[in-house]
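1. Sequence plus the predicted model coming up.
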Amino acid sequence: MTKRRPLIAGNWKMNGLKADGLALAAGVAAKLKAEPNVACDLLVCPPFTLLAGVIDAVAGSGVAVGGQDCHAKVSGAHTGDTSATMLADLGCKYVIVGHSERRTDHGESDAVVKAKATAAHAAGLIAVVCIGETLAQRDAGQTFEVNRSQLRGSLPEDATAANTVIAYEPVWAIGTGRVATPAQAQEVHAVIRAELAAIQGPAVAERTRILYGGSLKPDNAKELLALPDVDGGLIGGAALKVEDFWAIATSA
Ligand code: PEP
């Protein structure tokens, strides 16, 4: 079995003013500097207003920085939007696309997510492509079908294990404190990897990182991150505290 290096990614969402956001970033960077041999890659995705400051705060530490969204176009008349090229120009390495909050709040379809991921790749960024079923879909027995279909619709043709990370985030587990059981997480991750193999071939699927997201906390991280097809986590609430984020990172 291919050894995939886990990615522990913090999605700060719309949280953080200058003082606390920069202190959080500096705190994560200090942890990694003190313990550089941690067995995972670390990523923080602050709000756009803090990107430049966070990039400075973590410089030289090994902590990567990403945006939480990007526009599919490089530039133009798109008031309020930020392109992947701009994120890369600033020093970002990653960008999250298709988070369920973007799909819900901004009506983003799989096609939109795919266009954003394609733009991320063109700008040299790694796209963290989010998929996941709602509670109604799970209750209706549609979990596998929904995730397969979102993956097929959101994954760009040029996706590789190097430029793409998949994040499985069951919508019912995001910010709810209700976490997927290890069995629930593993079975969906395995379905996603099998679908990746069908789309891209088994070699790419074996090397692609699939993150779990949804109420991942220090006290449940160890068992979820130990699952064979879980290659790290996308973390919301617990990424806002240095100690919690670090505790999850050291569980990986
Ligand atoms: C997320 O925002 O991607 C997320 C998983 O949030 P939380 O960890 O707070 O559930």
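-> Cool, got the structure.
2. which bits of the stretch 101-250 of the chain sit near the ligand?
-> 169, 174, 175, 213, 214, 215, 216, 234, 235, 236, 237, 238 (CB under 6 Å from any ligand atom). Using the backbone N, CA and C atoms, a C-beta is placed for each residue, glycine as well.
3. Quick check: the fourth one touching residue 167?
-> It refers to residue 213. Yes: contact criterion CB atoms under 8 Å: residue 213 and residue 167 qualify, at 5.2 Å.
4. what touches both of these two?
-> Common contact partners of residue 213 and residue 167 (CB atoms under 8 Å, 6 or more residues apart in numbering): 130, 132, 234.
5. How about the first one: which residues does it bridge to?
-> In this entry, residue 130 is beta-bridged to residue 167, by DSSP bridges.
6. what about it, distance to residue 163?
-> Taking CB to CB, to the nearest Å as the measure, residue 130 falls 16 Å from residue 163.
7. now residue 95, what's its secondary structure?
-> strand (DSSP: H, G, I helix; E, B strand; the rest coil).
8. could you check the distance from it over to the ligand?
-> As judged by CB to the nearest ligand atom, to the nearest Å, residue 95 and the ligand stand 14 Å apart.
9. mind listing what the nearest residue to that residue once chain neighbours are set aside touches?
-> In space, and not counting its chain neighbours, residue 95 is closest to residue 67: 4.3 Å by CB to CB, 6 or more residues apart in numbering. Contacts were defined as CB under 8 Å, 6+ apart; by that measure residue 67 touches 45, 48, 51, 82, 84, 87, 92, 94, 95, 96.
10. Next step: the residues you listed restricted to helices.
-> Judged by DSSP state H, the subset of these located in helices is 51, 84, 87.
11. Pick out the residue of the stretch 1-150 of the chain closest to the ligand.
-> Closest to the ligand within the stretch 1-150 of the chain is residue 11: 4.4 Å, counting by CB to the nearest ligand atom.
12. Around the residue of the stretch 151-252 of the chain at minimum distance from the ligand, count how many other residues there are.
-> For the stretch 151-252 of the chain and the ligand, the shortest gap (CB to the nearest ligand atom) falls at residue 236, measuring 2.2 Å. Residues contacting residue 236 under the criterion other CB atoms under 10 Å number 21.
13. can you check residue 229 too?
-> With neighbours defined by other CB under 10 Å, the count for residue 229 comes to 18.
14. Can you classify it as helix, strand or coil?
-> Secondary structure assignment for residue 229 (three-state DSSP): coil.
15. Make sure it is actually in contact with residue 209.
-> No: the criterion here is CB under 8 Å, and residue 229 misses it with residue 209 at 10.1 Å.
16. Which helix or strand contains residue 14?
-> In this assignment (DSSP states H and E), residue 14 forms part of neither any helix nor any strand.
17. how about the strands in the stretch 151-252 of the chain?
-> 164-168, 210-213, 232-235 (DSSP state E, counting those that start in this stretch).
18. Which strands border the last one, and is each parallel or antiparallel?
-> Which is strand 232-235. Strand 232-235 is paired, per DSSP bridges, with strand 7-11 (parallel), strand 210-213 (parallel).
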